[in-house]
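Trainee: can't give you the sequence, but here's the structure:
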């Protein structure tokens, strides 16, 4: 029985303590709410939100203003507008809203509806959407010393003088100017909270970066043109944004560089392929179509020329110049020896001096190692001139037409073979006669079959025909040699163009990339 009574007494005591605790907590909660209500009633009993809180005459109210950037939402490069999401940090003092915390259960701050408070008409001076008045919040925090804090979020649209000269390596400076609309500097003075623009819960932009420590904050007095005696306090924040160039490097710059180096590759293609001009024109057409696509990506402006647009025009100019040079090279490569003669200084400079510096050999005028399969008649001396159809007699060239005239005047009596005529013995080279020689022999045989001539005259006629064929062959070999020299000249010019165009493209590309710094 004793143990049972002890247990019941313990449970009773604990229940009593619990009830007292709950009652005390309820009384304290009710008291705190009542104290807040009493505080608000006392503060705003004689308060008027239409009266500016100035305690001394001639002393302006100091209002502290700060800006925190949350996100760069959009950069409209065509309309020169930026859209940002920010927090507007503001606080000022109102001597009418002061109290002693000891009289109100040590309450040091209280949240009151914003509509109860006096607030200056702060505006964004350079608003871009026509809504200049800054947004407010539903509540504001009032501290016991009369200080009022308010941090409303806002979405600001403001003009920005976008300079695309160094696009896509450009950075933009966008100003935001805040100030009161009706109160001049004798009534309200704005002071910045900090000398930079902090980032609060900042959301990164995929195209732009925002280094907060590079932003500028400037507080100054703005004098109105209409009223020089009136000045307004203004705070100007200059936000610096840096463009991310990776997207434009991959989609614009690298294709342009590829086009430019493909232009150089056309000079490596031999003229005999017949595709040099075709490839150059195809590159020029492809680059023109590509420029139309790039024009949709680049910001539209007529004030300055974007850097990437200048580089694109540079590549198009290089490609057009390569077409012009390719036409000249093809013309040189297919020049005929009957119409063009290479000047000695051209042969000296381009075929003997420059090739060894262009990794093309020491001298392009030298004949290669004689090939036993090549007809010896094609080995023309270096100092030879274009041979005409004739016979070498007594150290002088006699035209075949003159020989043929002599042939017609020869009598069919005994004719002696001249000793001073250098004739070719055809009996040892019967197997090497060309079809032309065979035809000449057939004609001679037909003459000798119908006309009684001596063997000496028949031998003379055969040698004359062989000399005519040999001279024609030498003439053809000489023409081939001259045309080969023109082709070698085209190769040298091609190699010079490779070096020059490569240097121009490398210098132009590096000048573009160095603008990033």
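Mentor: Cool, the structure landed. Here the structure is a predicted model, which means the values were calculated and not measured. Numbers count the residues shown, from 1 in each chain.
Trainee: pLDDT of the helix or strand hosting residue 478, averaged?
Mentor: Residue 478 belongs to helix 455-514 when elements are defined using DSSP states H and E. In this model, helix 455-514 has a mean pLDDT of 81.
Trainee: list the contacts of residue 77.
Mentor: Shown in contact with residue 77 (C-beta atoms under 8 Å, 6 or more residues apart in numbering): 162, 164, 299-301. No exception for glycine: its C-beta is placed from N, CA and C like everyone else's.
Trainee: one more time with 6 Å, if that's ok
Mentor: 162, 299 (C-beta atoms under 6 Å, 6 or more residues apart in numbering).
Trainee: now for the helix holding residue 478, which elements pack on it?
Mentor: Contacts defined by 3 or more C-beta pairs under 6 Å, 6 or more residues apart in numbering; DSSP states H and E place helix 455-514 against helix 254-265, helix 307-333, helix 435-450.
Trainee: to residue 37, which of those helices lies closest?
Mentor: Put simply, out of those the one that sits nearest residue 37 is helix 307-333, at 65.3 Å, with distance taken as C-beta to C-beta.
Trainee: buried sites along the closest one?
Mentor: 307-309, 311-312, 314-316, 318-323, 325-326, 329, 332-333 (16 or more other C-beta atoms under 10 Å).
Trainee: just the angle between the helix holding residue 478 and helix 307-333, please?
Mentor: Note on geometry: by axes from the mean of the first three to the mean of the last three C-alpha atoms, to 10 degrees, helix 455-514 and helix 307-333 are set 170 degrees apart in direction.
Trainee: could you number the chain from 615 rather than 1 from now on?
Mentor: That works, and once the first residue is 615, the last one we named lands at helix 1069-1128.
Trainee: angle of helix 1069-1128 against helix 868-879?
Mentor: Going by the same axes, to 10 degrees, helix 1069-1128 makes 160 degrees with helix 868-879.
Trainee: quick check: the gap between residue 679 and residue 793.
Mentor: For residue 679, the distance to residue 793 under the criterion C-beta to C-beta, to the nearest Å works out to 9 Å.
Trainee: on that earlier part again, adding mean pLDDT and distance to residue 1121, write the helices and strands packed on helix 1069-1128 out as JSON lines.
Mentor: Converted to JSON lines, the helices and strands packed on helix 1069-1128 look like this (pLDDT from 0 to 100; distance: least, C-beta to C-beta, whole Å):
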{"stretch": "helix 868-879", "mean pLDDT": "87", "distance to residue 1121": "11"}
{"stretch": "helix 921-947", "mean pLDDT": "88", "distance to residue 1121": "10"}
{"stretch": "helix 1049-1064", "mean pLDDT": "49", "distance to residue 1121": "58"}
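Trainee: can you tell me which of the ones you listed is nearest to residue 894?
Mentor: helix 921-947 (4.3 Å).
Trainee: for residue 859, find the nearest of the helices and strands packed on helix 1069-1128.
Mentor: Ranking the helices and strands packed on helix 1069-1128 by proximity to residue 859 (C-beta to C-beta) places helix 921-947 first, at 9.5 Å.
Trainee: following element in sequence after that closest one, please.
Mentor: Towards the C-terminus, the helix or strand next in line after helix 921-947, according to DSSP H and E, is helix 958-962.
Trainee: quick revisit: would CSV of the helices and strands packed on helix 1069-1128 with distance to residue 823 be doable?
Mentor: Rendered in CSV, the data for those read as follows (distance: least, C-beta to C-beta, whole Å):
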stretch, distance to residue 823
helix 868-879, 21
helix 921-947, 19
helix 1049-1064, 81
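Trainee: which of the ones you listed sits closest to residue 761?
Mentor: Using C-beta to C-beta as the criterion, the shortest distance between residue 761 and the helices and strands packed on helix 1069-1128 is 50.3 Å, found for helix 921-947.
Trainee: which elements pack onto the helix or strand hosting residue 803?
Mentor: Taking DSSP H and E as the definition, residue 803 sits inside strand 802-806. Based on contacts counted as 3+ C-beta pairs under 6 Å, 6+ apart, the elements that strand 802-806 packs against are strand 675-690, strand 845-857.
Trainee: for residue 1123, what are its contacts?
Mentor: Contacts here follow C-beta under 6 Å, 6+ apart; on that basis residue 1123 touches residue 871.
Trainee: now swap in residue 1111 and tell me
Mentor: Contacts of residue 1111 by C-beta under 6 Å, 6+ apart are 881, 939.
Trainee: do you know how far it is from residue 939?
Mentor: Applying C-beta to C-beta to residue 1111 and residue 939 gives a distance of 5 Å.
Trainee: in the strand holding residue 803, what's buried?
Mentor: Within strand 802-806, the residues that count as buried by 16+ other C-beta under 10 Å are 802-804, 806.
Trainee: also stretch 699-719?
Mentor: Neighbour-count burial for stretch 699-719, with 16+ other C-beta under 10 Å as criterion, is recorded at 699-708, 711, 713, 718.
Trainee: kindly report the same for stretch 774-791.
Mentor: Taking 16+ other C-beta under 10 Å as the basis for neighbour counts, the residues of stretch 774-791 that come out buried are 774, 776-778, 780-784, 786, 788-791.
Trainee: note down every partner strand of the strand holding residue 803 and its orientation.
Mentor: On the basis of DSSP bridges, the sheet neighbours of strand 802-806 come out as strand 675-690 (parallel).
Trainee: list the contacts of the partner strand.
Mentor: With C-beta under 6 Å, 6+ apart as the test, strand 675-690 has contacts from 668, 696-701, 703-706, 802-805, 807, 811-815, 817, 819, 822, 824, 849, 851.
Trainee: re earlier: export the helices and strands packed on strand 802-806 as a markdown table, with columns for distance to residue 1119 and mean neighbour count.
Mentor: Output for these, formatted as a markdown table (distance: least, C-beta to C-beta, whole Å; neighbours: other C-beta atoms under 10 Å):
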| stretch | distance to residue 1119 | mean neighbour count |
| --- | --- | --- |
| strand 675-690 | 32 | 19 |
| strand 845-857 | 25 | 20 |
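Trainee: want to throw those into CSV with mean pLDDT and distance to residue 1124?
Mentor: Below are the helices and strands packed on strand 802-806 laid out as CSV (pLDDT from 0 to 100; distance: least, C-beta to C-beta, whole Å):
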stretch, mean pLDDT, distance to residue 1124
strand 675-690, 91, 28
strand 845-857, 90, 20
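Trainee: got any ranges where this structure has weak pLDDT?
Mentor: 615-644, 826, 839-842, 976-1067, 1129-1131 (pLDDT under 70).
Trainee: residue 737: which of the helices and strands packed on helix 1069-1128 is closest?
Mentor: In terms of C-beta to C-beta, the element of these nearest to residue 737 is helix 921-947, at 36.9 Å.
Trainee: what is the closest one packed up against?
Mentor: Secondary-structure packing of helix 921-947 (3+ C-beta pairs under 6 Å, 6+ apart): helix 868-879, helix 890-911, helix 1069-1128.
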